[in-house]
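got a predicted structure here, sequence first:
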Amino acid sequence: MSDDNIIHFNPWTDFNDAAPLDDPFGVEPDAAQIATFLDVVFSYCEGLIPVRGFVDKGQGKGGKPHNIWIDADDTAQDKLATFANWAAREGAAVYVIPGTVTEPGQAKSADVLQMQAIIVDLDAGDIPAKLEHLIRHLGQPTLIIESGGRTPDGATKLHVWWKLTEPVEGEDLVRLCALRGEIAIKVGGDTHFRSAHQPIRVAGSVYHKGGFQRLVQIREHNGVEVDLEDFAELVADMPTIPGATGVGMTPTPETPDKPALGSVLTTPVNEGGTDGWTRFEGASAAIGHFIRMVHEGRMSPDEGWEAICGYNAAMLRPNWPEDRLKSEADRLWAKHLEKNGPPLLRTNSAKTTPEMSAFTLGKLLDDTTPMPEDIIAPRILTPGGLLVVGGAPKVGKSDFLISWLVYMAAGVPFLGFTPPRPLRVFYLQAEIQYHYLRERLKQIALPPEVINAARDTFVATPKLKLLLDEQGSAMAAAAVREAFPNDPVDILCIDPIRNVFDGGPDGGGENDNGAMMFFLRDRIEILREAVNPECGVILVHHTKKLGKHQVKEDPFLALSGASSLRGFYTSGIIMHRPDEEASERKLEIELRNGPALPSKLIDKVKGQWVELNPMNERLVRKDVGAKHDAERVRKGDVIVQMIAEQAARGKMFTMTQFAEAFENKAGLGGKTVIRDRLNVLATKGYLKFVRQDAVKGLGLAADRSKYGYLCVEDMALKTGADAVDPQTGEVTEQAVSVLPSHYKCPQTGAVLPVENPDIWVYPTEDE
């Protein structure tokens, strides 16, 4: 963006605001529609709105673009209306990037800070049928705008908008753009809107293309707002309309006619441009193709150069000299690096690896070489393997995973998962920012010896704000190699898939099987090969909600997204809560390379993850059992409280008398139930007794029962006598502390004397 075409906007000085002469055939901008458009697209956003003024084609006019940046606030309506009036007089169309940036002059995808609306541009094919398909599957849109253009069949081109309930940024903004691309592909819309910086015409401005003046007008406005998460599910479920081809995926009449890539690589090109396609154009296209393959890691540099030389020898008539070929390849490589960032270089060792290996039965049976050592035993993560860890949001999988990886980096077993040695672990995460990541690591109760052993072998990134596309994968590979420059990484963990997912050129989401396979093969596998072909990869993924019966039948059906993920990984772990009201989590384990492993019941005890004995878990009627447990605890608490309250009123009871006096009160049940609860509380040490001489000291009637009077900790008995404060003269009712004289032995049930009445002792688990 050069400075000479940036207008520093001031409506008082930059534009002629004098009333235009009447033009009976002219079309004027509509300020009310501009205001509605701004409300839908920018009302929740903060920052600057990039506005573009392009002279529409077909008017016989020239002129450079005019660019302004206006604040996304209450002044935006007047400023944009003024700009639209000027543009209408100049024959210019008014566009905006439907998102805000932070500084004037910014207009790239990476500059976009916030967005609050989803757009699909319907500009080809059966537009009414496409609109009906969108409304049926995605719901009523907020805006339907007639953009001013017409298809060859005379249909009105449309912009369809859905306003979000709140603005999005960061990874959610990336997800919004991916949704725009996915919608466009499914209905045959314009796929250029996968890019955040793609401009769009402003409703209420004037369309001039081809000499026709039309108002870019709102056909329909509804007070509809959608949640991004809910809308993404609708998009995932929406079927592709038959015959849909996203505009931008194939050549259009507005783009120069070029041979398809397949034709470029297989059609000879003669000197002099006699084929309608010069040798320079053919060579540049072929070299550009192989450069992209090398940059993405699909070919090694040597393989790419061999392919370029092979094209030169087979298709250019006559061939280019090698020095010219090398010079053009270097020029295009430098240009590609400048645009797309560092490469994900594939090692040349892959060149010597056979494309496909096959072995006879005898060869397989006779091979007695030792099995490769597990990265994490038993067969949880094998060399070159892929482990997927799934769990619902907030189930604790990131906390669990961090603890697990630190133990692996220290070379210490964790919950039965065993590393062969201290492992080099790279944790590439896209959820927790730096300061909160270090806070979480300090909060996790890790043993000092584990921390000391893993200080240099566990490496984590702060929250990533990128996709694992060509550039993102290259950056990730460079970061891993920089973290472990001397020895290759052992474990590469990506947490979570959703925040870094790249569905490839078609822009599919994680629910699309083709997009998921592209991500696994062309992103994850190539990234693994770039850092260490033998390292283990761990992918963290979200799960969808399933009923308890479904989880019991097949917990791995809960993994979100495409089913191809499950068919690709070598092992999987699902983390879930068997009981939503309990703290225990369960790990369901699935292996491709080994025998089935039993599930693990785990929980956090004093900040550390521990494995629980599954024998202690109820197998039948878990929910009912938990409710009964809670009711028994409640009754115990009520009984202890009531004994203390009755003493404060001057009353003490034996077991039998208490059970009879409070039968069917406070939800305690019958006297037999109360008596059973009293016995349990006495065994656990919550109740003790006052007998024999201790009874006389309290002024109570002598009792010949086995246990005597009931007593709880810190109990005071109202005596009925008055107590006078010697300083203030205040008269209060006197109360004396009640100390136990006997207790119930938890082993034998015998009534034994208390050694020290001033210290209330509870039985330990060993006792």
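Thanks, I have the structure now.

secondary structure element holding the residue lying closest to P199 once chain neighbours are set aside?
Leaving aside its sequence neighbours, P199 sits nearest to Y95 (CB to CB, 6 or more residues apart in numbering; 3.8 Å). C-beta: built from backbone N, CA, C; applies to glycine. Per DSSP states H and E, Y95 falls inside strand 92-96.

return the set of buried residues in that strand.
For strand 92-96, the neighbour count (16 or more other CB atoms under 10 Å) marks 92-96 as buried.

which pair of these spans the longest distance?
For these, the farthest-apart pair by CB to CB is A92 and V96; their separation is 13.4 Å.

helix or strand right after the host helix or strand of L176?
L176 belongs to helix 171-187 when elements are defined using DSSP H and E. Downstream of helix 171-187, the first helix or strand assigned by DSSP H and E is strand 200-201.

for burial, what's the neighbour tally of E553?
The tally of other residues near E553 (other CB atoms under 10 Å) stands at 10.

where does the stretch 551-700 of the chain dip in pLDDT?
551-552, 562, 615-629 (pLDDT under 70).

for it, just list every one of the helices.
Remark: helices assigned in the stretch 551-700 of the chain by DSSP state H, counting those that start in this stretch are 564-568, 622-648, 655-661, 671-683, 693-697.

any idea how far H66 is from E103?
Here E103 is placed at a distance of 18 Å from H66 (CB to CB, to the nearest Å).

which one of those two has more residues nearby?
H66 (21 against 10).

just the pLDDT for the more buried one.
H66 is assigned a pLDDT of 84 by the prediction.

again, but for L344
64.

T274 now?
Predicted confidence (pLDDT) for T274: 50.

could you do the one 4 residues further on as well?
The per-residue pLDDT reported for T278 equals 57.

related to what we said a few turns ago, what about dumping the CA coordinates of the helix or strand just after the strand holding Y95 to CSV?
Counting by DSSP H and E, the next helix or strand C-terminal to strand 92-96 is strand 115-122. This file holds the C-alpha atoms of strand 115-122, laid out as CSV (Å, rounded to 0.1, in the frame of the first residue of the first chain):
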residue,chain,number,x,y,z
MET,A,115,-14.8,-9.4,12.6
GLN,A,116,-18.4,-9.8,13.6
ALA,A,117,-20.3,-11.1,10.5
ILE,A,118,-20.1,-14.0,8.0
ILE,A,119,-20.5,-13.3,4.3
VAL,A,120,-21.2,-15.5,1.3
ASP,A,121,-21.0,-13.9,-2.2
LEU,A,122,-23.5,-15.5,-4.7
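
measure how strand 115-122 sits relative to helix 171-187, angle-wise.
10 degrees (axes from the mean of the first three to the mean of the last three CA atoms, to 10 degrees).

going forward, begin numbering at 19 instead of 1
Sure, I'll start counting at 19 from here, so that last one is strand 133-140.

in its sheet, what does strand 133-140 sit against?
strand 174-186 (antiparallel) (DSSP bridges).

avg pLDDT for the strand it pairs with?
93.

and that strand, what's buried?
174-182, 185-186.

gap between that strand and the chain center?
23 Å (CA atoms, centre = their mean, to the nearest Å).

same deal with stretch 711-719?
68 Å.

now G532: closest residue in space, sequence neighbours ignored.
G526 (5.9 Å).

surely the one you found and I201 touch.
No: G526 lies out of contact with I201 (CB atoms under 8 Å); the separation is 11.2 Å.

distance check, the residue nearest to G532 against Q710.
Taking CB to CB, one finds G526 at 83 Å from Q710.

which of these two has more residues huddled nearby?
Of the pair G526 and Q710, G526 is the one with more neighbours under other CB under 10 Å, namely 25 against 13.

nearest spatial neighbour of K604, skipping sequence neighbours?
P596 (5.1 Å).

around that neighbour, count how many other residues there are.
For P596, using other CB under 10 Å, the count is 16.

tell me which element A734 falls in.
Applying DSSP H and E, one finds A734 within strand 733-742.

same for that strand, what does it pack against?
helix 640-666, strand 749-756 (3 or more CB pairs under 8 Å, 6 or more residues apart in numbering; DSSP states H and E).

direction included, what does it pair up with?
strand 749-756 (antiparallel).

same question for the strand it pairs with, mean pLDDT?
pLDDT averaged over strand 749-756 gives 79.

what's the answer for stretch 62-74, then?
Per-residue scores along stretch 62-74 average to 89.

ok so, going back, just put the helices of the stretch 569-718 of the chain in TSV and tack on distance to W627 and mean neighbour count.
Converted to TSV, the helices of the stretch 569-718 of the chain look like this (distance: least, CB to CB, whole Å; neighbours: other CB atoms under 10 Å):
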stretch	distance to W627	mean neighbour count
helix 582-586	25	17
helix 640-666	22	15
helix 673-679	43	18
helix 689-701	32	18
helix 711-715	48	14
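
ranges for the helices of the stretch 269-418 of the chain?
279-284, 297-313, 319-333, 340-358, 379-384, 415-428.

out of those helices, deepest packed?
helix 415-428 (a mean of 23; mean count of other CB atoms under 10 Å).

which helix or strand lies directly C-terminal to it?
Following helix 415-428 in sequence, per DSSP H and E, is strand 443-447.

before we move on, back to that, quick check, nearest of the buried residues of strand 110-114 to G306?
Using CB to CB, the buried residues of strand 110-114 come closest to G306 at Y113, 29.1 Å.

does the closest one touch R70 like I think?
Yes: using CB under 8 Å, Y113 is in contact with R70, at 4.2 Å.

what do the two both touch?
P217 (CB atoms under 8 Å, 6 or more residues apart in numbering).

got CSV for the helices and strands packed on strand 733-742, with distance to A142 too?
Converted to CSV, those look like this (distance: least, CB to CB, whole Å):
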stretch, distance to A142
helix 640-666, 56
strand 749-756, 89
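
right, so of those, which gets closest to L66?
helix 640-666 (54.8 Å).

give the other helices and strands that that closest one contacts.
helix 689-701, strand 733-742.

and K762, how far from K669?
Counting by CB to CB - K762 and K669 are separated by 22 Å.

next, the distance between the ends of stretch 376-386.
17 Å (CA to CA, to the nearest Å).

then stretch 434-454?
Note: stretch 434-454 ends 29 Å apart using CA to CA.
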